[in-house]
Structure formats: structure tokens, C-alpha cells
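Undergrad: Sequence isn't available, so here's the structure alone:
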């Protein structure tokens with residue numbers, strides 16, 4: 001067993017601004033070394049009564065983690081509790097209320113990504129049958145109140161749970177009741193990072209619309225297609241949003257460094273414990289003036305931890321994280337990286353995607369961010385028409401990018417087929433949220449418990 005995972009050099013004291021920027025500079029890689037990382041979260045439930053299991057109960061989250069070790073996963077401890085796993089397929093971790101997350105390994109192509117997801121979900125299903133657990137692919141708990149959900153024994157979550165109500169009304173919902181799929185991608189240089197950041201940030205509402213999958217709250221429709229996305233608009237304005245400065249001339253590593261320095265802190269990790277620094281300034285920490293550690297300067301690992309506490313729609317941590325999608329069904333886990341790899345990993349496609357959005361104004365970006373959680377594909381496009389039509393254009397560009405990559409599996413298939421679930425959504429105009437609402441208002445007769453039949457893995 002091991003404790004919190006760290007990297008070589010994380011104990012180095014930060015003496016200069018160059019070390020902060022260096023985290024981003026070091027992320028630049030030659031194209032041949034670009035990889036795909038996929039993260040996906042699932043809600044865990046008791047199959048007998050749909051209850052969310054606690055950490056310590058028999059057959060609960062701790063037992064699930066320990067059972068995973070039969071597949072070669074190695075436990076990671078915090079305060080004597082197993083709170084994560086590491087292995088050949090990346091890391092398994094827990095969100096605050098026990099949402100079960102695979103942070104996949106950096107892989108070369110989407111065929112490998114889907115094989116990794118298949119292995120993980122197969123393991124989950126096998127253990128779920130033994131423990132009486134199921135796994136639900138949605139963006140928001142459809143029937144649970146906050147009070148019905150357990151809290152996992154992770155120190156950083158204690159700090160965040162105390163802090164969230166001070167800065168927004170929906171932060172606790174974000175922590176306890178949401179799930180997402182994310183894709184992490186590389187860049188080749190500062191200029192390449194800037195273009196990819198701009199394109200992915202502008203088009204994040206497209207991902208939110210295509211993956212909209214959270215239309216219920218506490219057993220009833222909530223008025224949104226992606227309530228998970230809406231939640232982020234009232235979580236903590238100091239660390240969320242669309243980052244208008246990314247679209248300004250000259251954007252680069254230094255600008256993101258300044259942004260991150262202005263994001264209030266959550267914690268500092270020392271000697272196996274999380275020290276509450278919520279609301280304090282990392283700039284004060286650099287000057288040795290942090291109230292909770294007077295006279296001490298941050299280590300490089302502190303900066304990396306701090307970068308993980310900013311939650312914009314696209315986040316940089318030595319790679320770029322796409323953060324706009326709801327959690328969802330199995331085929332969506334492969335479709336999200338397919339969308340972003342197709343758009344960002346081929347220069348012809350990347351240039352074409354930039355041409356779609358480069359004329360958008362700050363007001364266009366803000367309006368899309370505001371309207372898409374409720375309207376999804378029905379939101380108005382800055383290019384005319386709706387996001388349904390714009391999504392069709394975006395998928396054509398992504399398809400071109402995947403075709404140009406020409407990464408084949410053993411059967412000779414390209415990666416383009418992983419876009420098929422998104423093509424079906426655009427062709428029908430029906431997101432998964434629309435499909436679920438139609439079921440709820442039709443065959444289900446308002447019985448939300450039926451969702452466990454259709455959306456469990």
C-alpha cells in the first residue's frame with residue numbers, strides 16, 4: 001500500500017516565478033508523444049434499494065476498493081483509509097459522496113481508450129454482482145437529496161465542504177451529486193496550447209449540449225438538460241467559468257499562471273494531513289506570509305495541488321482538461337475523447353475549428369455558457385441557426401481529424417466510429433436528457449426508479 005502519489009521534484013521550494021510557469025512549459029511534448037487521458041465517474045448504488053452506500057458499511061465503498069485489488073490495483077492510503085488505487089490503467093479515486101472514478105492512463109489512441117474503459121467497467125460489474133452494487137451513468141443523482149448521501153474520508157473534501165457554502169449556493173451539489181466524463185490532451189508548444197485552449201474553451205458548450213444527461217433532481221424534472229453544467233455557474237465564481245482572457249491577444253503560460261495565483265486556496269498538504277487554507281492567497285504563500293504556515297514557502301507539489309483546485313471549463317495542468325460533459329453511458333465514455341482528439345490533434349482540423357469560432361465575441365461565449373445547460377442543442381449558435389447545426393459542422397471537422405490520424409485497430413478500423421453516438425444525437429436532435437424526459441413523461445409514468453434499469457452500466 002502507498003500514500004498520496006507525488007512526483008519527483010515536488011518537494012522543491014518555489015523560489016521564482018519561472019518554477020510556476022515551468023509546470024506548463026514542461027507539459028509541451030512533440031506530437032509523437034501526445035497522449036489521450038480519459039476520466040469518467042459513476043454513481044454507486046445498492047441494487048436492492050438504490051441507496052448510495054457509505055464508505056465503511058459491509059459491501060460499501062471501502063470493500064469495493066479493496067476488492068479491486070484482485071485485478072492488480074494497489075491501494076493508496078490517507079489517514080489509514082484506502083481512498084484510491086493505482087495500477088496499469090491509471091488511478092481509481094473517490095469523489096466526495098463516493099462517486100467512483102477511473103482516471104485512465106495516458107494512451108496513444110482511442111482504441112486503447114475504449115479497451116481500458118471496457119476492462120474497468122467489466123471489473124465494476126463483476127464486483128458489483130458480488131457486493132450487491134450497481135453503477136449509474138448520469139450527470140446528476142436523479143433521486144437523492146444531499147442528506148441521503150455519504151461523505152468519503154478524504155481530508156481535502158472536509159475543507160471544501162465547509163468552504164463551498166461561503167462562495168455559492170450549489171457547490172455542495174457539485175461535490176455530492178454530480179458525475180462527469182473528461183478528456184485530458186497534450187500540446188506541443190505555447191502557441192499550440194493557446195490555439196487548443198481557445199478552440200476547446202469556445203466549443204465546450206457543444207460538448208455540454210451533446211452530453212447533456214442530468215434533467216432530474218430529487219425524482220422530478222429540474223428544467224435543465226444539463227443541470228450538472230448549470231451547477232458550476234453558482235459554485236465559486238473565483239475558480240470557475242469561461243476565462244475570457246484566453247481569447248485575448250498574447251495569451252500564454254504566464255497569463256494562466258496569473259489566473260491560477262488569483263484563485264483562492266483550499267488547503268496545503270503536510271505530513272499526511274490537509275491543512276485548511278480556504279480563501280487564503282497563494283501569492284501570500286509565495287512570500288512566506290500564509291497564515292496557517294507562517295514563514296514557510298510553498299513547494300512545487302503545493303503549486304500542482306493548487307492548480308487542481310481551479311475549475312474552469314478547460315483547465316491547464318501541464319496538459320489541457322476538457323471539463324464540459326455530463327457523466328453518461330458506456331459509448332459516451334469513448335465518444336468524448338473522440339470528439340476532442342479529432343478536433344485538437346490534427347492541425348487541419350484544429351485550424352478549421354478555430355475558423356468556426358474565432359469571430360465570437362465575449363458576449364457570445366457568455367450567452368452560450370448561460371443558455372446551453374437548459375437548452376442544449378436548441379440554444380442559438382453565434383454562427384446562425386442552433387447548436388444542432390453547429391454540432392453537425394463540429395462533428396464533420398472531428399471526423400476529418402480522426403481520419404487524418406489514421407490510427408487503426410487490428411480489424412483495420414479507424415477511430416472515426418467512436419463519434420457515432422454523437423452523430424445519432426445530432427441527427428435526431430435528441431440528447432440523452434431528452435430521451436430520459438420522454439421516458440419519464442411517457443412509459444415510466446413519472447417513476448424515476450426506472451432510470452436504474454436503463455442507465456446502469
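TA: Arrived safely, thanks for sending. Note that the structure is a prediction, hence the values are computed from the model and not measured.
Undergrad: count of residues packed around the nearest residue to residue 361 once chain neighbours are set aside?
TA: Nearest residue to residue 361, sequence neighbours excluded (C-beta to C-beta, 6 or more residues apart in numbering): residue 382, at 7.8 Å. (Glycine included, C-beta is placed from N, CA and C.) If you count neighbours by other C-beta atoms under 10 Å, residue 382 ends up with 17.
Undergrad: quick one: residue 382 and residue 363 touch, right?
TA: No: assessed by C-beta atoms under 8 Å, residue 382 is found out of contact with residue 363, at 9.1 Å.
Undergrad: Check the contact between residue 93 and residue 78; I expect there is one.
TA: No: when contacts are counted by C-beta under 8 Å, residue 93 is not listed as touching residue 78 (10.8 Å).
Undergrad: quick one, longest strand in the chain?
TA: The single longest strand within the chain, with elements called by DSSP state E, is strand 36-46.
Undergrad: Give me the mean pLDDT for the following helix or strand past that strand.
TA: Using DSSP states H and E, the next helix or strand after strand 36-46 towards the C-terminus is helix 61-68. For helix 61-68, the mean pLDDT works out to 98.
Undergrad: Give the buried residues for helix 61-68.
TA: Judged by neighbour count using 16 or more other C-beta atoms under 10 Å, the buried positions of helix 61-68 are 61, 62, 63, 64, 65, 67, 68.
Undergrad: Also stretch 343-359?
TA: With burial defined by 16+ other C-beta under 10 Å, the residues of stretch 343-359 counted as buried are 343, 344, 345, 346, 349, 350, 352, 353, 354, 356, 357.
Undergrad: what's the closest of those residues to residue 167?
TA: Comparing these against residue 167 with C-beta to C-beta picks out residue 357 as the nearest, at 30.1 Å.
Undergrad: What strand or helix carries the closest residue to the closest one other than its chain neighbours?
TA: By the measure of C-beta to C-beta, 6+ apart, the closest residue to residue 357 outside its immediate chain neighbours is residue 202, 3.9 Å from it. Using DSSP H and E, residue 202 sits in helix 190-210.
Undergrad: OK, contacts around residue 219?
TA: Listed by C-beta atoms under 8 Å, 6 or more residues apart in numbering, the contact set of residue 219 reads 142, 143, 448.
Undergrad: how close does the last one sit to residue 20?
TA: Counting by C-beta to C-beta, to the nearest Å, the separation of residue 448 from residue 20 is 47 Å.
Undergrad: So which of those two has more stuff around it?
TA: Using other C-beta under 10 Å, the more surrounded residue of residue 448 and residue 20 is residue 20, with 23 against 18.
Undergrad: Tabulate the buried residues of helix 61-68 in TSV, adding columns for distance to residue 456.
TA: Putting the buried residues of helix 61-68 into TSV (distance: C-beta to C-beta, whole Å) gives the following:
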residue	distance to residue 456
61	17
62	22
63	19
64	15
65	20
67	18
68	19
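Undergrad: Closest one to residue 208 out of those residues, please.
TA: The shortest gap between residue 208 and any of these belongs to residue 61, at 28.5 Å (C-beta to C-beta).
Undergrad: Next, the contact list for the closest one, please.
TA: Remark: with contacts taken as C-beta under 8 Å, 6+ apart, residue 61 is in contact with 44, 53, 54, 55, 94, 98, 100, 150, 152.
Undergrad: If we only consider these, which is nearest to residue 425?
TA: Relative to residue 425, the closest of those is residue 100; by C-beta to C-beta it sits at 25.3 Å.
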